[in-house]
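[1] predicted model, plus sequence, below.
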Amino acid sequence: MRGGGGPMLLSFRVANHRSLRGEQQLLLTPSYTADGPPGAGWEAVPVIGIFGPNASGKSNVLDAMLYMRNLVQGSLRESEPDAGIRRHPFAADAAAHDEPSTYVVDLLLGGVQYTYGLSVNDAQVVEEWMYSYPHKVKRTVFHRKLDEYSYGEHSPHSMRQVGDITASNVLYLSVAARSKQMVVRPVYDWFAGLLDRSLAAGRFSDDAAMTGAVDRRGYLERLTRLLRAADTGIESAELVEETPAEFAKRSGNVKSADGYRGMPRKYLVFRHRGEGSTFSLRLHDQSLGTRALYEIGIPVFRALDRGVPLIVDELDSSLHPYLSAQLIRLFSDPATNPRGAQLVFTSHDATLLGRIQGEEVLHRDHIWFTEKNEYGETELFPLSEFKPRRDENRARRYLAGRYGAVPIVTDDLFAAALATRGEGDDDSSGAPDQEGQP
């Protein structure tokens, strides 16, 4: 939102989650204010791209953010008494299983900064806290250590009752939000709005859930424009209801106890350009790239419309770099992102670090890297650590290893692994291999 009033993630910290052993921080406050669009008023960058080799922990950074979201939303609903907490501590060190996992966000909500954090072990919530900073002055909303609570002088007295009914394996924030404690709702609502690509139900299919989302939210026209602009050959799209015969065939073997067979479904039909005419194809008949663009289009539109973050693992999966760049620019441009939505993604595509069609895709403070140290621990670090010039060829420097975070491949061993058969594999008879035979 112009003027900096939109909800934005300022930073995320995590420790002891999967390959993230020691505390790692993803910082979204701008390092180069001159790189940002003029007049946007954003207090945080709208895009973060995380790059690195396979198995370096890129996806684990996003997984930690989504784990925190899911715990906030689901701890009250899903936790059984004395059932503990499901988590994912660092696996390579046995000591990590005896230590808590910690997650902290700094948020800007309605012009007020908030800090919310939690530490959990396998049995319970070890610590949980929330602070707000109205007029840049720190206020304690609540602070929990195990089952002991303290509150700030501005916190409503009714919050103390929430502590009395919060189980040891349930987050206080989850209970307080459901108990209509409005002082915590901005933070809870931010987590509730956090989107990821998997929320587009029915990935790479045209099932009823995804088609219904297109129908109810009016996304069909926008998706069609997106697909047409991507030169997919699609001219138009429409929702078509299945015929009585199709409905009868589909629902014939699906009948509930009361005999109800549901309602006829709608499905998407795309009209493609042909030689002198057009022809129709369903979604499952489209190319992998077209389906990928369709699938990611819905959460992108949701994020931009609501001004909320979108988490995407492997943004470039099945997409041409130009299309990935266009999606990134939807978030980078205040004209298409007036509410300050944020995109946090991982990618292997080094071309996104440079220029595509003469335009810079990512600014210097949009770029982060991951690599693993000798102990298998992920280290997360920004491009800004290397003090890059604005005009340097970042894609070339990255591929040359100047920033680290590239795979170390021993060429001879790699080639030998692919080209050489092991001893005993030689078939002196010259007969073709038979499945299941040595």
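    Arrived safely, thanks for sending.
[2] just the helices in the stretch 101-250 of the chain please.
    Counting by DSSP state H, counting those that start in this stretch, the stretch 101-250 of the chain has these helices, from start to end: 159-164, 172-178, 185-193, 208-216, 220-229, 244-251.
[3] closest one to residue 66 among those helices?
    Across the helices of the stretch 101-250 of the chain, residue 66 has its closest neighbour in helix 185-193 (10.1 Å, CB to CB). For every residue, glycine as well, the C-beta is placed using N, CA and C.
[4] which secondary structure element of the protein has the lowest mean pLDDT?
    helix 208-216 (a mean of 60; mean pLDDT, DSSP states H and E).
[5] where do the helices sit along the stretch 301-438 of the chain?
    Using DSSP H, counting those that start in this stretch, helices in the stretch 301-438 of the chain cover 321-332, 394-399, 411-419.
[6] just give me the neighbour total for residue 185.
    Per other CB atoms under 10 Å, the neighbour tally for residue 185 reads 15.
[7] how about it, what does it touch?
    Counting by CB atoms under 8 Å, 6 or more residues apart in numbering, residue 185 makes contact with residue 177.
[8] same check, this time on the one 3 residues further on
    For residue 188, the set of contacting residues under the criterion of CB under 8 Å, 6+ apart consists of 72, 173-174, 176-177.
[9] of the residues you listed, closest to residue 400?
    residue 72 (41.5 Å).
[10] looking at this, that closest one is in a helix?
    Yes: assessed by DSSP: H, G, I helix; E, B strand; the rest coil, residue 72 belongs to a helix.
[11] could you measure from the residue lying closest to it once chain neighbours are set aside over to residue 323?
    In this structure, residue 72 finds its nearest non-sequential neighbour in residue 191, 4.3 Å apart by CB to CB, 6 or more residues apart in numbering. Distance check for residue 191 against residue 323: by CB to CB, to the nearest Å, it reads 29 Å.
[12] ok, residue 302 next?
    Applying CB to CB to residue 302 and residue 323 gives a distance of 19 Å.
[13] hang on, the earlier thing: highest average neighbour count across the helices of the stretch 301-438 of the chain?
    helix 321-332 (a mean of 20; mean count of other CB atoms under 10 Å).
[14] where are the low-confidence patches of the protein?
    Scanning the chain for pLDDT under 70 picks out 1-5, 199-213, 215-217, 253-261, 408-415, 420-438.
[15] so which residue is smack in the middle of it?
    For the chain, the residue nearest the mean C-alpha position is residue 311 (1.8 Å; CA atoms, centre = their mean).
[16] OK, contacts around it?
    Residues in contact with residue 311 (CB under 8 Å, 6+ apart) are 62, 65-66, 194-197, 344-345.
[17] domain-wise, how is this protein divided?
    8-194+308-399, 202-293 (automatic domain parsing).
[18] report the contact partners of residue 46.
    Counted by CB under 8 Å, 6+ apart, residue 46 has contacts 40, 331-332, 337, 340-343.
[19] give me that answer again for 6 Å
    Residues in contact with residue 46 (CB atoms under 6 Å, 6 or more residues apart in numbering) are 331-332, 342.
[20] over to residue 368?
    Residue 368 sits in contact with 50, 382, where contact means CB under 6 Å, 6+ apart.
[21] quick one: it from residue 289, how far?
    Counting by CB to CB - residue 368 and residue 289 are separated by 26 Å.
[22] check residue 280 too.
    Relative to residue 289, and taking CB to CB, residue 280 is found at 19 Å.
[23] and what of residue 88?
    For residue 88 relative to residue 289 (CB to CB), the value is 32 Å.
[24] circling back: correct me, but the residue nearest to residue 72 touches residue 70?
    No: Residue 191 is not in contact with residue 70 according to CB atoms under 6 Å; the separation is 8.9 Å.
[25] quick one, phi psi at residue 289?
    phi -70, psi -40 (degrees, to the nearest 10).
[26] spatially, what comes nearest to it if we skip its sequence neighbours?
    Residue 289 sits nearest to residue 318 (CB to CB, 6+ apart), 5.1 Å away.
[27] who wins for proximity to residue 419 among the domains of the chain?
    Here domain 8-194+308-399 is closest among these (CB to CB), at 21.1 Å.
[28] quick one, what contacts residue 343?
    So residue 343 contacts 47, 310, 331 (CB under 6 Å, 6+ apart).
[29] export those as JSON lines, with columns for distance to residue 419.
    Below are the contacts of residue 343 laid out as JSON lines (distance: CB to CB, whole Å):
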{"residue": "47", "distance to residue 419": "41"}
{"residue": "310", "distance to residue 419": "42"}
{"residue": "331", "distance to residue 419": "44"}
